[in-house]
Each structure stands twice: as C-alpha cells, then as structure tokens.
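J.: Following is a predicted model, sequence given first.
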Amino acid sequence: MLWIKAFHVIFMVTWFAGLFYLPRLFVYHAMCKDEISNERFKIMERKLFYGIMTPGAVLTIMSGSWLMSYDSVGYLSSGWMQLKLALVLLLIVFHFYCGKLYINFQRNNNHHAHNFYRWLNEIPTIALIIIII
C-alpha cells in the first residue's frame, strides 16, 4: 500500500505541475503578438496538456481510487475525505476547462486577456492548499 501511496503522490505532483503551468502559458500566449511565438506556445501547450497533465490526472485518479478501495466505507464516511474528493472533482472540471481553452488557442480563437489567465492560475493553488491540509 505504501508503494501505491508513493506513486499516487508522484502522479499528483505531475498533474499539479501541469495545472499550475498551463494557465501560466496561457498568460504568455495571450500576450504574444507574433506568429512564431504563437506557434511555439501551441507546441508547448500541446506537450504539457497531452504529455504530462492528462496522464498525471488519469494516474492520480487511478492510484487514488486504488488506495480508497482498501477501506472505501471508512474513507467516504470521513468529512475530510468528502471535501478532498469534492476538490478533486473541481480539479477534474478545471482540467477539462483548461482543455477547452487549449483548443481555443490551437484554433487561434482565444477570447480572454492575459489577466483572466492570471486569475485562473490561482484555482489549483487554492485547491492544493485545502487538499493537503
């Protein structure tokens, strides 16, 4: 069980790296003016979203589910776990929303200024603090 927990933490750190960095890339992408930078950001965002963030999310959820299977009734009856799972659900929604924004950037169809993405970048930070506590 300790190995599963260790990998769960590793996968969670990987996922959060993407959750922190992708909105930051969106900030810079929204500010760029030239086509070379625009294309560079598209590549970086694609690699981050599909190569790091999404596998990290899937493996985090799988390993977390595996850990919960050891005592699902006990875990689900705990208020702290219910809050944690609600925040994980919020992060999954956030992940998919970032995917939608990513697709908009890929299609050169961004509708937000860089300040929007700066605020968006705070959501995973707040969720992480609450989940860890």
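T.: Yep, it's here. Numbering: from 1, shown residues only.

J.: Which residues belonging to whichever strand or helix holds residue 127 are considered buried?
T.: Residue 127 is part of helix 122-132, with elements assigned from DSSP states H and E. Buried residues in helix 122-132, defined by neighbour count with 16 or more other CB atoms under 10 Å: 123, 124, 127, 128, 131. C-betas here are computed from N, CA, C, even on glycine.

J.: By mean pLDDT, which helix or strand of the chain comes out lowest?
T.: helix 72-76 (a mean of 86; mean pLDDT, DSSP states H and E).

J.: what about that one, distance to the chain center?
T.: In terms of CA atoms, centre = their mean, to the nearest Å, the centre of helix 72-76 is set 25 Å apart from its chain centre.

J.: Repeat that for stretch 93-101.
T.: Remark: stretch 93-101 is offset 8 Å from the chain centroid, using CA atoms, centre = their mean.

J.: thinking again about what came up before, average pLDDT across the helix holding residue 127?
T.: The average pLDDT within helix 122-132 is 89.

J.: Thank you, goodbye.
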